[in-house]
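Asks: Provided below are the primary sequence and the corresponding predicted coordinates.
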Amino acid sequence: IWQGLRTRMLSALPTNMTLWDEYYELRKQELRDGIGVAGSNQFYLDRQEQMDAGCKASWESRYDADEVSAIQSAMNLYYRAPGAFMAEYQNDPEAVLAGAGARINDRDTIMARVNDLKRNDMPIDANRVTAFIDVGGEVMWFLVTAWDELFNGWVIDYGTYPRQERSFFTQLDVRPGLSDVYTNYSEEQRVYAGIEATLDELLARRYQSALPGSKAIGIERILVDSGWNTKLVSDVCKQQKYRRIVWSSKGFPRTATSNIGQWKSTGTERAGQAWRYTLSPDTKYYQLQFDADHWKSFTHERLHMPLGGKGVLTLFGQQQDPKRGLIQANHEMFAEHCSTEYSEVIAYKGANWDKWEKPDKHADNHLWDCVIGATLAASTCGLKLTTSDAPKAEPKPKAQPKPIGGPASKPISMEELWKLKQQRRRR
């Protein structure tokens, strides 16, 4: 009787992942610059004993010509696609970290959709700033966007709390996480403290453009996703120091029989484009409820709108690196998150709309949620996307005043005119 044996490319992941993170950042930069990988290979050789600690390769001679060991080769595969590596090379599909499904947001297009601004620079045309926080058990994801009155947007920052020293990572691979920062807290306490820390950092920021005479402004609206724990998020947002700017939010998928516009009014709400700010029946506190499918489609359009028009969304093009100075921004992780969902058109009783799906439930889409939320936040501040190309309606001709005495009236004296006015007053 034959019995299968499950094997792995590596016995386990190395224990010193910090050195591997630094190594792969160097390798990616070399590949982008087209100068070969001699520098990253030397980095590995100089620290091989430390970097190999904790793992062993099942096939020692399995590596390519531009690599120096089987462990290095395996880790290169890991960093390219953590989910595929765990499923295909480690034979452990339950440990999949990320994956790919059908996509409507083009990954390469989004990565290249950059402007000439540095990270956290305020565009000279922008006059307001919004942000969104996606809540997780170990990490808070956030994104900040500047806007002008034509609904043109500039993503000026995104990241996590706690901060990560890598340009690409997954939610299951954050180092450090909230549990490392708040060691003696329960999970709910860690998340509460993490939301507060993220909000305090964002609200302390001031943005000022290079335009002479411009004033520094803060973030006008921050939305916080309440999907992780509605009551906990509401408890944070209703604190006095946050109440005016920070709103708890929750997206609802559209169905054939229900969408935000059809919901019964509570009589105490504010409403806008596929959203309403109303009392939540769960927390008895105000919450922003929105049509998730509508705002995903709206944000997708902004990310693919040709430059030069209205409603264009772009990403900062440069950022400051502590070791290399000013470098080109790498939006690989952002583009990966945006490309985890796709939409298909649903038709029902004459109505058509986009229905968004996420084929790989393990894939990280947090920054996609963040850019959607920051765009929605701009709408809550009063921004509307309008077009100037629509034909203007012909002005209606002004009605000509009728003669006082009627169409066939004869000229009347001043005395008769005075009597007519008195009669009208008595009526």
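Replies: Alright, I've got the coordinates.
Asks: Name the helix or strand for Ala335, please.
Replies: helix 332-338 (DSSP states H and E).
Asks: Okay, now the unreliable bits of this protein?
Replies: Along the chain, segments meeting pLDDT under 70 span 1-6, 83-84, 87, 92-103, 261, 266, 282-283, 347-350, 387-427.
Asks: Now do the helices in it.
Replies: 17-33, 38-46, 48-52, 70-80, 82-84, 107-111, 178-181, 187-203, 230-237, 292-304, 332-338, 366-380, 414-426 (DSSP state H).
Asks: what's near enough to touch the nearest residue to Leu19 once chain neighbours are set aside?
Replies: The spatially closest residue to Leu19, leaving aside those adjacent along the chain, is Met51, at 5.0 Å (CB to CB, 6 or more residues apart in numbering). Every C-beta, even on glycine, is put in place using the N, C-alpha and C of the backbone. When contacts are counted by CB atoms under 8 Å, 6 or more residues apart in numbering, Met51 touches Pro14, Asn16, Leu19, Trp20, Tyr23, Tyr44, Ile71.
Asks: Include distance to Thr299 and neighbour count when you put these into CSV, please.
Replies: Formatted as CSV, the contacts of Met51 follow (distance: CB to CB, whole Å; neighbours: other CB atoms under 10 Å):
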residue, distance to Thr299, neighbour count
Pro14, 38, 19
Asn16, 39, 15
Leu19, 37, 16
Trp20, 34, 23
Tyr23, 35, 20
Tyr44, 40, 24
Ile71, 41, 24
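Asks: of all the residues you listed, which comes closest to Asn229?
Replies: The shortest gap between Asn229 and any of the contacts of Met51 belongs to Trp20, at 33.4 Å (CB to CB).
Asks: and the gap between the closest one and Phe169?
Replies: Noted for Trp20: a distance of 12 Å to Phe169, by CB to CB, to the nearest Å.
Asks: again, but for Tyr192
Replies: 23 Å.
Asks: With Lys118 instead?
Replies: According to CB to CB, Lys118 stands 23 Å off from Phe169.
Asks: which of the two has more neighbours?
Replies: Phe169 (20 against 14; other CB atoms under 10 Å).
Asks: and that one, what does it touch?
Replies: Taking CB under 8 Å, 6+ apart, one finds Asp21, Arg175, Met333 in contact with Phe169.
Asks: Now do the closest residue in space to Glu30 that isn't next to it in sequence against Glu149, distance only.
Replies: Excluding its sequence neighbours, the residue lying closest to Glu30 (CB to CB, 6+ apart) is Val37, at 5.2 Å. Taking CB to CB as the measure, Val37 falls 47 Å from Glu149.
Asks: So for these two, which residue has more residues nearby?
Replies: Neighbours per residue (other CB under 10 Å) separate Val37 from Glu149, with Val37 holding more: 18 against 14.
Asks: Do I have it right that that one meets Leu31?
Replies: Yes - between Val37 and Leu31 there is a contact under CB atoms under 8 Å: 6.9 Å.
Asks: dump the residue contacts of Ile346.
Replies: By CB under 8 Å, 6+ apart, the neighbours of Ile346 are Ala256, Asn352, Trp353, Asp354, Lys355.
Asks: buried subset of the residues you listed?
Replies: Among the contacts of Ile346, the ones that count as buried by 16 or more other CB atoms under 10 Å are Trp353, Asp354, Lys355.
Asks: In JSON lines: the residues you listed, plus distance to Val345.
Replies: Formatted as JSON lines, the buried ones among the contacts of Ile346 follow (distance: CB to CB, whole Å):
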{"residue": "Trp353", "distance to Val345": "7"}
{"residue": "Asp354", "distance to Val345": "6"}
{"residue": "Lys355", "distance to Val345": "8"}
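Asks: List the ones among these that fall in strands.
Replies: Trp353, Asp354, Lys355 (DSSP state E).
Asks: Could you give the bridge partners of the second one?
Replies: Beta-bridge pairing of Asp354 under DSSP bridges involves Val345.
Asks: could I have stretch 152-160 exported to CSV, CA atoms only?
Replies: Provided in CSV are the C-alpha atoms of stretch 152-160 (Å, rounded to 0.1, in the frame of the first residue of the first chain):
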residue,chain,number,x,y,z
ASN,A,152,-9.4,65.6,-8.6
GLY,A,153,-7.5,63.6,-5.9
TRP,A,154,-3.9,63.0,-4.9
VAL,A,155,-3.0,60.1,-2.7
ILE,A,156,-0.4,61.8,-0.5
ASP,A,157,0.3,59.0,2.0
TYR,A,158,-0.7,55.5,3.1
GLY,A,159,0.6,52.9,5.5
THR,A,160,0.0,51.2,8.8
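Asks: Distance check, the residue nearest to Asp66 when sequence neighbours are not counted against Gln328.
Replies: Using CB to CB, 6+ apart and skipping the chain neighbours, the partner closest in space to Asp66 is Val37 (5.6 Å). Applying CB to CB, the value for Val37 to Gln328 is 19 Å.
Asks: Please list all residues in contact with Phe43.
Replies: Glu22, Tyr23, Leu26.
Asks: Go through those residues and say which is closest to Gly311.
Replies: For the contacts of Phe43, the nearest to Gly311 is Leu26 (38.3 Å; CB to CB).
Asks: my guess is that closest one meets Ser40, correct?
Replies: Yes - counting by CB under 8 Å, Ser40 is a contact partner of Leu26 at 4.5 Å.
Asks: These two - which one has more neighbours?
Replies: Ser40 (23 against 19).
Asks: Show the contacting residues for the more buried one.
Replies: With CB under 8 Å, 6+ apart, Ser40 has these contacts: Tyr23, Tyr24, Leu26, Arg27, Glu30.
Asks: For the fourth one, which non-adjacent residue is closest in space?
Replies: Think Arg27. Arg27 sits nearest to Ser40 (CB to CB, 6+ apart), 3.8 Å away.
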